[in-house]
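Chemist: no sequence for this one, just the structure:
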């Protein structure tokens, strides 16, 4: 498996992100959806990564610079055919290594508080993320779970 920076132009990447957004709309009220669409993920403060094996898209994740040594994980998603193979853990480990190499001291994230998001919350906790208060422009929301890791 290779993990690298990618643009958001490939059809398989766009399809994976569209499926991600569809799941967010199916599981969260509109005001609690904080996932970024393809256009928003192209912002200069965001670096977008894909995991691939023999050109097959396995998953994606992004890191967003928030300033003052703080970054946010965005758009973690594993392709359905690649689930339960350690892809999300590999992407998360890669993102955290990038964060360390860039000198970030804190990495935070927002995910859902519903049962659908329990596997994601368990993965983040396994890597040392702890619950935290809303950060950046987020507001307290019963449908959101905020987590942070001090590197």
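Modeler: Thanks, I have the structure now. On a predicted model such as this, the values are computed, not experimentally measured, just so you know. Numbers count the residues shown, from 1 in each chain.
Chemist: which parts of the chain are helices?
Modeler: Ranges of helices in the chain, per DSSP state H, are 11-27, 38-41, 87-101, 118-126.
Chemist: quick check: buried residues in stretch 28-42?
Modeler: 28, 32, 34, 35, 36, 41 (16 or more other Cβ atoms under 10 Å). Every C-beta, even on glycine, is put in place using the N, C-alpha and C of the backbone.
Chemist: pull the most distant pair out of the residues you listed.
Modeler: 32 and 41 (19.1 Å; Cβ to Cβ).
Chemist: for the nearest residue to residue 82 once chain neighbours are set aside, give me the pLDDT.
Modeler: Here the nearest residue to residue 82 in space, its sequence neighbours aside, is residue 58; by Cβ to Cβ, 6 or more residues apart in numbering that works out to 4.1 Å. The per-residue pLDDT reported for residue 58 equals 98.
Chemist: OK, contacts around residue 58?
Modeler: By Cβ atoms under 8 Å, 6 or more residues apart in numbering, the contact set of residue 58 is 1, 50, 51, 52, 78, 79, 82, 85, 87.
Chemist: who touches the helix or strand of the chain with the lowest mean pLDDT?
Modeler: Using mean pLDDT, DSSP states H and E, the weakest-scoring helix or strand in the chain turns out to be helix 11-27, at a mean of 90. Helix 11-27 is touched from outside by 6, 8, 33, 35, 37-38, 41, 50, 57, 59-60, 75, 77, 79-80, 112, 114, 116-117, with contacts defined as Cβ under 8 Å, 6+ apart.
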